[in-house]
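# Just a sequence and a predicted model for now, questions to come.
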Amino acid sequence: MPVLNERAYLEHAVASVLRQQLEVPAELVLALGPSTDGTTELAQRLAADDDRIRLVDNPAAHIPVGLNRAIRASRYSTVIRVDAHSELSSGYAARALETLERTGSANVGGVMRAEGRTPFQKAVARLYNSPIGLGGGAYHGGATEGEAESAYLGVMRRDVLDEVGLFDETIRRGEDWELNLRIRRAGHRVWFDPRLSVTYWPRESWLRLARQFRATGAWRGELVRRYGRRNGIRYFAPPVLVLLLGLAIVVGILQLTGVLDGTASLVASAVYLPVAAYALLDVAVALAPGGGSIRQRLWTLAVLPTMHLSWGIGFIGGVLSGARDTVDASRLGTRNTPLP
């Protein structure tokens, strides 16, 4: 479990891991980044109270670096990746080990079920669980067991990880997708089991959500630069939306200033149609049954375009110039540079 500034969530995440009932020995290795909110001290207290918890330092603060440090420090033949912003369902670990053995797979994952506490977080969670929000990947609500492109978090065979070289530490986001690509290229199987469920708690504020999605989009753009068509078509929808919106703004300015008029203006106005359709979709999602309270529905109106546009803007930048040193600054206060 890589950990950075997760004081509000860490104890619940750790408890969900330690509650797993297994017939084999297990440990929990926390890779501690340089937190500033008391997370490290909390982790140290938890480790002092339970000898199954082990701590390793992750001064770089980057997720793949922390994951690799924790994996190298671990002692057993199966690696279960967990997240400090999530909680494992009862029986998750035992069921995942059974699926790993039954299918002969190298990596097994399940469903990410987002949940929220505040109206904002509930709105984000609802969109996480919707194919309209995050594009319909199997782990966002799939119901059919079978081979998969990637796995959420992942329950992995240690020998396969050693074979393919662990996580790529040059990738800050999307490192799981890239690892699963190498696993599949090596002739191994990645498997989705909808019986496996993990509760995920989204970011708690609009700004943090926008930062998270911009960084994620930038790294997806980087992965497109590296791996091209191996990236699914759904990843290209948000940048197309950004381009259409930008084009609509340009056309509007040209029309207002009189540069575009007559037939040319009429033809150019066609660009407004997909933008208007998206706006109607946003309203329809907010008003749909299950949208929650009025405050949650109002947040939905803002959250859906925030997710798509932030991701799309990041993606375009990542494709054009690479992700470079882009990090997810949503847990780093106002900082948007790598930690020392």
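Structure received. Values in this document were obtained by computation on a predicted structure and should not be read as measured data. Residues are numbered from 1 along each chain as shown.
# Could you tell me which residues make contact with Ala48?
Residues near Ala48 by C-beta atoms under 8 Å, 6 or more residues apart in numbering: none. C-beta: built from backbone N, CA, C; applies to glycine.
# Please tell me how far it sits from Leu42.
11 Å (C-beta to C-beta, to the nearest Å).
# next one: Glu149
35 Å.
# Spell out the residue ranges of the helices in this structure.
In the chain, the helices defined using DSSP state H lie at 10-18, 39-49, 63-73, 92-103, 119-128, 131-134, 158-164, 175-185, 206-227, 237-256, 262-268, 272-287, 294-321.
# list the helices and strands the last one packs on?
If I follow you right, that is helix 294-321. In terms of contacts (3 or more C-beta pairs under 8 Å, 6 or more residues apart in numbering; DSSP states H and E), helix 294-321 is packed against helix 119-128, helix 131-134, helix 206-227, helix 237-256, helix 272-287.
# Kindly reformat the ones you listed as a markdown table containing mean neighbour count.
Below are those laid out as a markdown table (neighbours: other C-beta atoms under 10 Å):
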| stretch | mean neighbour count |
| --- | --- |
| helix 119-128 | 23 |
| helix 131-134 | 18 |
| helix 206-227 | 22 |
| helix 237-256 | 16 |
| helix 272-287 | 14 |
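# Of all the ones you listed, which one is nearest Leu309?
helix 237-256 (5.9 Å; C-beta to C-beta).
# Which among the helices of the chain is found nearest to Trp191?
Between Trp191 and those, the tightest spacing by C-beta to C-beta is seen for helix 92-103, at 4.9 Å.
# Can you list the low-confidence ranges for this protein?
135-142, 331-340 (pLDDT under 70).
# neighbouring strands for the strand ranked longest in it, and are they parallel or not?
Ranked by number of residues, the top strand in the chain under DSSP state E is strand 190-200. Strands that pair with strand 190-200, judged by DSSP bridges, come out as strand 86-88 (antiparallel), strand 107-114 (parallel), strand 146-147 (antiparallel).
# Now find how far off-centre the first one is within its chain.
The chain centroid and the centroid of strand 86-88 are separated by 14 Å, computed with C-alpha atoms, centre = their mean, to the nearest Å.
# From the rest of the structure, what touches that strand?
Taking C-beta under 8 Å, 6+ apart as the rule, strand 86-88 contacts 12-13, 15-17, 19-20, 82, 112, 153, 198-201.
# Going through those, which ones are buried?
Ala13, Ser16, Val17, Gln20, Val82, Met112, Leu153, Val198, Thr199, Tyr200, Trp201 (16 or more other C-beta atoms under 10 Å).
# So which of these is the closest to Arg226?
Once C-beta to C-beta is applied, the member of the buried ones among the contacts of strand 86-88 that ends up nearest Arg226 is Leu153, at 22.6 Å.
# ok, Arg184 touching Val190?
Yes - Arg184 is within contact range of Val190, at 5.9 Å (criterion: C-beta atoms under 8 Å).
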